[in-house]
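> Could you work out the structure for the sequence below:
(2 chains)
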Protein chains: 2
Amino acid sequence: MMRPRREGEFFDVLETRDAEAREEALMASLSAHVGQARAQAPYYARVLQHVEPDQVASRAALAALPLTRKSDLVTLQAGRPPFGELIAIPPGRLARIFVSPGPIYDPEAPGRDFFRFARALFATGLRSGQILHNTFAYHFTPAGAMMESGARALGCAVVPAGPGNLETQARAIAHLRSHCYAGTPDFLKSIIEKGEELGLDLSTLRRGHVTGGAYTQALRAWYADRGFTVLQSYGTADLGLVAYESEAREGMILDEHVLVEIVRPGTGEPLPDGEVGEVVVTLLVPEYPLIRFATGDLSAVLPGQSPCGRSNMRIRGWMGRADQAAKVKGMFVRPEQIADLARRFPAVGRMRLVIDRPGEADRMTLRAEAATTDAMLAQRLAETLQSVTKLRGEVTLVPPGSLPNDGRVIEDLRKVE
Amino acid sequence: MMRPRREGEFFDVLETRDAEAREEALMASLSAHVGQARAQAPYYARVLQHVEPDQVASRAALAALPLTRKSDLVTLQAGRPPFGELIAIPPGRLARIFVSPGPIYDPEAPGRDFFRFARALFATGLRSGQILHNTFAYHFTPAGAMMESGARALGCAVVPAGPGNLETQARAIAHLRSHCYAGTPDFLKSIIEKGEELGLDLSTLRRGHVTGGAYTQALRAWYADRGFTVLQSYGTADLGLVAYESEAREGMILDEHVLVEIVRPGTGEPLPDGEVGEVVVTLLVPEYPLIRFATGDLSAVLPGQSPCGRSNMRIRGWMGRADQAAKVKGMFVRPEQIADLARRFPAVGRMRLVIDRPGEADRMTLRAEAATTDAMLAQRLAETLQSVTKLRGEVTLVPPGSLPNDGRVIEDLRKVE
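Here you go, the predicted structure:
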């Protein structure tokens, strides 16, 4: 059901573009972007050396490009400091440089709202001339700066509060009559409760933009019961904004400067819409041209279009981590190996390697969806599993559609030692 | 001794202006500034209502304007939130709002380098295209943002490190090959020592800009011995930059957008050059037009001109706190009262009220510089002291010039209970 659009309801005209017009514009950007990345970032000159940029003008062509894994950034950056030759401008010409755990160094180029959070904050209801109370940390991590730049681009004042100091937080909101909160999903509740305890008037604060933690149904209900509009977004330290909620609260709508693929964990193969897999993002930002950046996060495409009027593709938000490597009898088993197995058995549906330890030894059981209960198929699967992983495992055939759609390829049931 | 000026040695042409040209420009700005403050900030419309802005075009006219004390900001802001009507734009049109202990709310207006630290960082040797490692905090306090805006205005990249995480600090500097440190005077030493302990190459980092703590002779020597150029500045959360060191290391040179007076503590009376007194600053910034802002800090004018070629007035840096109110026998004695006493005895030099507690009772002794040892003078002083403070005190006459030039008007020798 489409509701009527109000004046000023959207951040820009890109959000409500016709889906075909968007796709055409994105694909044109993509091919220029690949050419520019190859020309200006030595890493891409190497990994894309055999790629003809003009040919990269479709989703299928994109899906043929190599992945760059977030988990490889530490090694890439350590090998060719400071940024593994993935950036297209000299480090001293950046605006800010952040340090994420790893360490991974995250660049921010100069200019207005590099991380593009203005769009997400606008969807949360933040408007020019309002005050954003920003409780994300600014030290080393980019979260604080991301929200601040977004709010400044909207023409808002920002209180760089950072985390902690609950009483100061509540008193500052009361004194400044701030309009919107930014921070983790639970901290706003703590501030509101502290304000009530201190008898403060926090009535100007009716909205919150949250990310960086689980936004549970219980928290949603708590805020909704009190009349707060609290919406979330999904982003990473490298990419900035990837997707955001609107008041429709139906999944998260993609930012207009990213291309998102959901791939089979451990591979670069795009999955059908609705399947849970790893989030792979191509960032159409010239200074940090991440191409097929495998985030290690799980999500799924949510088919259809948001009733709020924004026409971009939607994803279901963060659904866990995709890097499911497990050590079995001293050897690593990786999602890539299960994906390899799946490719050799196209008739088999989802596969899930379950690891447990019933006695003193690790045990692997491959659960595979098949329309048949053919013992020969199970035996061939077991043989291939052993040749791929160098480990012996049992095989259980299960009916098609009976394994959960949760992106899990390897499930480790052993107790943590 | 003037050394030859090199190309690009100064931040701008303002720094090397002829002293008369500067004074003329500042006085012209001052009168426009007073007019604008009266028109746009309701607080100044009230406190300057009988002032004719055109007449405020000299140091003497400035000295006749009322002080606004930093120690009154808490009350002013609480009474008329959020900024006591001292700011000239709506709060939601600010860039950032900080919260200093008090609480005092500090505004930052939009635009390039509102707090004007680019000048100080340039004098420290930071140059376009370099990387600043910024260990000042960003949360609530403006210190981190002040340094960052200054460095960005110079065209530098900033690592918003914040305080803490010593190992991450050292590793980030080694990895990013950062050029300059910003932070408290002692923390750089800790980082360098941590880097040595970890065997890191921190050789790109040769400069530091420090403030917010005692920069002792021992620390200066430690850095100098190792070939570091570490220079300090003096500023406050409300004013931003007030004065900064150059490589000449002769006092601190004033920023080009402030007027500084050194006044007798507790009064608005300017002291002769060289006398230690309270730093009173008029900030020639339209959005936050602080006029005769009494900082509560002590300093003194350092006569003469810096050999580095910068021609502005110099001060000796932070020399302690000016707010010396003390409780004697349950009643407050304030510097204002001693200043009142001094005005009634123009023939007397410096005065210093010493408070101790030899037995079980507080004792006040007024030490006053006089060319005579006349017992009548001592008696009249004692009587006036009692009428001003409502407390009985002894008087000791001492030779002219024998009291230290340290800005102390009230000295409390009692042990802290």
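
> Quick one: the helices in chain A, in order.
Taking DSSP state H, the helices of chain A run over residues A:19-40, A:42-47, A:59-63, A:73-79, A:118-124, A:143-153, A:166-176, A:187-198, A:217-225, A:335-344, A:375-389.

> Switch these over to JSON lines; also include mean neighbour count and distance to chain B.
Any C-beta I mention is one placed from the backbone N, CA and C, and that applies to glycine too. As requested, these are arranged in JSON lines below (neighbours: other Cβ atoms under 10 Å in any protein chain shown; distance: least, Cβ to the nearest Cβ, whole Å):
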{"stretch": "helix A:19-40", "mean neighbour count": "17", "distance to chain B": "17"}
{"stretch": "helix A:42-47", "mean neighbour count": "17", "distance to chain B": "17"}
{"stretch": "helix A:59-63", "mean neighbour count": "15", "distance to chain B": "31"}
{"stretch": "helix A:73-79", "mean neighbour count": "16", "distance to chain B": "8"}
{"stretch": "helix A:118-124", "mean neighbour count": "26", "distance to chain B": "14"}
{"stretch": "helix A:143-153", "mean neighbour count": "26", "distance to chain B": "6"}
{"stretch": "helix A:166-176", "mean neighbour count": "20", "distance to chain B": "5"}
{"stretch": "helix A:187-198", "mean neighbour count": "17", "distance to chain B": "13"}
{"stretch": "helix A:217-225", "mean neighbour count": "13", "distance to chain B": "23"}
{"stretch": "helix A:335-344", "mean neighbour count": "18", "distance to chain B": "29"}
{"stretch": "helix A:375-389", "mean neighbour count": "15", "distance to chain B": "36"}
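
> which stretch in those helices has the least confidence?
Of all the helices of chain A, the minimum mean pLDDT falls on helix A:335-344 (a mean of 90).

> Name the residues that touch that one?
A:264-267, A:269, A:322-325, A:348, A:351, A:353, A:366, A:381, A:384-385, A:388-389, A:409-410 (Cβ atoms under 8 Å, 6 or more residues apart in numbering or on different chains).

> Buried only: go through these for me.
The neighbour count (16 or more other Cβ atoms under 10 Å in any protein chain shown) marks A:264-267, A:322-324, A:348, A:351, A:353, A:366, A:381, A:384-385, A:388-389, A:409-410 as buried among the contacts of helix A:335-344.

> For A:Glu394, grab the count of nearby residues.
By other Cβ atoms under 10 Å in any protein chain shown, the residues close to A:Glu394 number 14.

> Please report how far the closest residue to it other than its chain neighbours lies from A:Pro404.
Of all residues not flanking A:Glu394 in the chain, A:Thr365 sits nearest, at 4.7 Å (Cβ to Cβ, 6 or more residues apart in numbering or on different chains). Here the criterion is Cβ to Cβ, to the nearest Å. By it, A:Thr365 lies 16 Å from A:Pro404.

> quick one: which of those two has more around it?
Shown here are A:Thr365 and A:Pro404; by other Cβ under 10 Å, A:Thr365 has more neighbours (15 against 11).

> So the more buried one sits against A:Arg392, correct?
No. The pair formed by A:Thr365 and A:Arg392 falls short of the contact definition of Cβ atoms under 8 Å, at 11.0 Å.

> So what's the residue count around the residue nearest to A:Thr135 when sequence neighbours are not counted?
Leaving aside its sequence neighbours, A:Thr135 sits nearest to A:Gly183 (Cβ to Cβ, 6+ apart; 3.5 Å). Using other Cβ under 10 Å, A:Gly183 is surrounded by 27 other residues.

> doesn't A:Gly164 make contact with A:Gly183?
No. A:Gly183 lies out of contact with A:Gly164 (Cβ under 8 Å); the separation is 11.0 Å.

> who's the residue nearest to A:Glu411 when sequence neighbours are not counted bridged to?
In space, A:Glu411 comes closest to A:Val354 once its chain neighbours are excluded; the distance is 4.9 Å by Cβ to Cβ, 6+ apart. With DSSP bridges as the criterion, A:Val354 is bridged to A:Thr365, A:Glu411.

> Tell me if I'm right that A:Val354 and A:Thr365 touch.
Yes. Between A:Val354 and A:Thr365 there is a contact under Cβ under 8 Å: 4.7 Å.

> what sits against the nearest residue to A:Met364 once chain neighbours are set aside?
Residue nearest to A:Met364 in three dimensions, not counting chain neighbours: A:Gly393, with 3.4 Å by Cβ to Cβ, 6+ apart. Shown in contact with A:Gly393 (Cβ under 8 Å, 6+ apart): A:353, A:363-366, A:382, A:385-386.

> ok, so what distance separates A:Gly393 from B:Leu166?
From A:Gly393 across to B:Leu166, the span is 46 Å (Cβ to Cβ).

> quick revisit: confidence score at the residue nearest to A:Met364?
Confidence score, pLDDT, at A:Gly393: 94.

> Torsion angles phi and psi at it?
Dihedral pair for A:Gly393: phi -140, psi 160, per degrees, to the nearest 10.

> ok, A:Pro110 touching A:Gly92?
No. Using Cβ under 8 Å, A:Pro110 is not in contact with A:Gly92, being 11.3 Å away.

> of these two, who's got more company?
A:Gly92 (19 against 14).

> burial of the closest residue to the more buried one other than its chain neighbours, as a residue count?
Of all residues not flanking A:Gly92 in the chain, B:Gly129 sits nearest, at 3.9 Å (Cβ to Cβ, 6+ apart). B:Gly129: 13 surrounding residues under other Cβ under 10 Å.

> show me what contacts B:Gly129?
So B:Gly129 contacts A:90, A:92-93, B:155-156 (Cβ under 8 Å, 6+ apart).
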